[in-house]
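J.: Got a sequence here, can you model it:
(one chain, ligands or ions: 1)
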Amino acid sequence: MIRQLTTPYNYTQQEKTCINTAGNNWGSKSNCIKALKTSLNAHFDTEQNEKCCYCGLLYDRTGRGEIEHIAPKGAGLYPQFSYTPNNLAKVCQLCNSSSMKHDYDSVRTINQNYDQIDFKIVHPYLDNHNYHYRFRYGLLNVTISVNNDSDKARESIRLFELASEKRTRARAVQRNQERLENLYNIPTAIKERIKSVISRN
Ligand SMILES: [Zn+2]
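T.: As a prediction, this is how the structure comes out:
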């Protein structure tokens, strides 16, 4: 129900040059950085199906999506990873709110190599979500619990209140909606099948 992300953004050479010129500064007002952020937003909306990288709920269920730095970029934290592809994803406003991820330092042990950082939470790209989380699917509730005694899952569930009644219900509503949409897609699939059979003759 919370999907591991597999496709980080891939910068063009021009975008890499732009980032270097901006001094790796996320707050840069240069036009090419503005354009890059537009591309990042579009990429994540497609890759994540407009679902939050932490709670798996649609952005518009809890607010619009925002670009998130998984290792926070703030002063004294990890600005060196401001544009690192594996450090960027989209998050819902609730997960990014001041009571949740906003000022939270997600890093337990830092490393110069981003993929070697030890995180306190389940990482959207680097962690196998099925190992850390267990879901139970019901019509009215989709519950989440810690799998394999995972400390990261325990911390993510606490930080993002993933086991709250509100979110447990929201997951069920979203799942039911998706199952309905899939049902409506069946005629389209049949149409495609008929087309492919006809084209063989
Ligand atoms: Zn969220």
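
J.: check contacts around the most centrally placed residue in the chain.
T.: With distances taken as CA atoms, centre = their mean, residue 53 lies nearest the centre of the chain, 1.9 Å away. Residues in contact with residue 53 (CB atoms under 8 Å, 6 or more residues apart in numbering) are 5, 68, 70, 89-91, 124. No exception for glycine: its C-beta is placed from N, CA and C like everyone else's.

J.: Which of the helices or strands spans it?
T.: Under the assignment given by DSSP states H and E, residue 53 is not contained in any helix or strand.

J.: I'd like the distance between it and the ion.
T.: 7 Å (CB to the ion, to the nearest Å).

J.: cool, residue 141 as well?
T.: With CB to the ion as the criterion, residue 141 and the ion are 18 Å apart.

J.: What's the local residue count around that residue?
T.: The local packing of residue 141 (other CB atoms under 10 Å) involves 13 other residues.

J.: and what of residue 166?
T.: 10.

J.: Repeat that for the one 3 residues further on.
T.: Residue 169 has 13 neighbours, counted by other CB under 10 Å.

J.: Could you check how many residues crowd around residue 177?
T.: Neighbour number of residue 177 under other CB under 10 Å is 11.

J.: Can you pull up the residues of this structure that come close to the ion?
T.: The chain has residues 52, 54-55, 92, 95 near the ion, with proximity defined as CB under 5 Å from the ion.

J.: Which two among the residues you listed are spaced furthest apart?
T.: Largest separation among those by CB to CB: 54 and 92, giving 7.7 Å.

J.: Using CSV, write out every CA atom in the helix or strand harbouring residue 36.
T.: Using DSSP H and E, residue 36 maps to helix 31-47. C-alpha atoms of helix 31-47 as CSV (Å, rounded to 0.1, in the frame of the first residue of the first chain):
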residue,chain,number,x,y,z
ASN,A,31,15.5,30.3,-14.4
CYS,A,32,17.0,27.0,-15.1
ILE,A,33,16.5,25.9,-11.5
LYS,A,34,12.8,26.9,-11.7
ALA,A,35,12.5,24.9,-14.9
LEU,A,36,14.2,21.9,-13.3
LYS,A,37,11.8,22.0,-10.4
THR,A,38,8.9,21.9,-12.8
SER,A,39,10.4,18.8,-14.4
LEU,A,40,11.0,17.2,-11.0
ASN,A,41,7.3,17.8,-10.1
ALA,A,42,6.1,16.3,-13.3
HIS,A,43,8.4,13.3,-12.9
PHE,A,44,7.3,12.5,-9.4
ASP,A,45,3.6,13.0,-10.2
THR,A,46,4.0,10.3,-12.9
GLU,A,47,6.3,7.9,-10.9
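
J.: List the buried residues in it.
T.: Across helix 31-47, burial judged by 16 or more other CB atoms under 10 Å covers 33, 36, 40, 43-44, 47.
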